[in-house]
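Participant: Sequence and computational prediction follow.
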Amino acid sequence: MEFADYLPIALMTILGIGFAGLSMFVSKKLAPHNPTPEKLAPYECGIVPLQDPVHRFPVKFYLVAMLFVIFDVEIIFLFVWAVRMEQFGWAGIGAVVLFMLMLIETLAYVWKRGALDWNVARRARYRQVVAPDVPLEEAA
């Protein structure tokens, strides 16, 4: 491929960035700017926050969200492969088998580490610290 083959892509990238920048600049200049305390307050689904939140979101929430995004993107790669499966031949099948083995290994590792287990009382490493004498049946 020659450099001229990439010219349409570069042109569309420049046009896209230019349009986004121009739109933001024009909206900044033309929009009225009159902030009030109500407009500057964080919006919480229509509920007026009367106090600061006591608890933060658990790290577990973010970990599951990141795992979902990672596995979701990997599934997108499988769809792309499925569309062009006939053109890839046996090399493509081998690559996807290797990809799936790594995906399954990653899922097994995450599962073994307890990243998908929300019941903290059932985890052995927490029972040793929090309640070492409580049997597993009572902890659940």
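Facilitator: All right, it came through fine.

Participant: So what would you say the end-to-end distance of stretch 50-67 is?
Facilitator: Between the start and the finish of stretch 50-67 there is a gap of 34 Å, counting by C-alpha to C-alpha, to the nearest Å.

Participant: In three-state terms, label the nearest residue to Leu116 once chain neighbours are set aside for me.
Facilitator: The shortest distance from Leu116 to any residue that is not its chain neighbour, by C-beta to C-beta, 6 or more residues apart in numbering, is 6.4 Å, and that residue is Val110. Yep, even glycine has a C-beta here, placed from its N, CA and C like the rest. When classified by DSSP: H, G, I helix; E, B strand; the rest coil, Val110 comes out as helix.

Participant: Which pLDDT does the model give Val110?
Facilitator: Per-residue confidence (pLDDT) for Val110: 86.

Participant: cool, and Ala131?
Facilitator: Spelled out, the predicted local distance difference test score at Ala131 is 52.

Participant: Could you do Asp5 as well?
Facilitator: Asp5 is assigned 88 on the pLDDT scale.

Participant: now it: how far from Asn34?
Facilitator: Counting by C-beta to C-beta, to the nearest Å, the gap between Asp5 and Asn34 amounts to 50 Å.

Participant: what's the neighbour count on Phe99?
Facilitator: 14 (other C-beta atoms under 10 Å).

Participant: Which helix or strand contains the nearest residue in space to it that is not next to it in sequence?
Facilitator: In space, and not counting its chain neighbours, Phe99 is closest to Phe77: 7.2 Å by C-beta to C-beta, 6+ apart. Using DSSP states H and E, Phe77 maps to helix 59-83.
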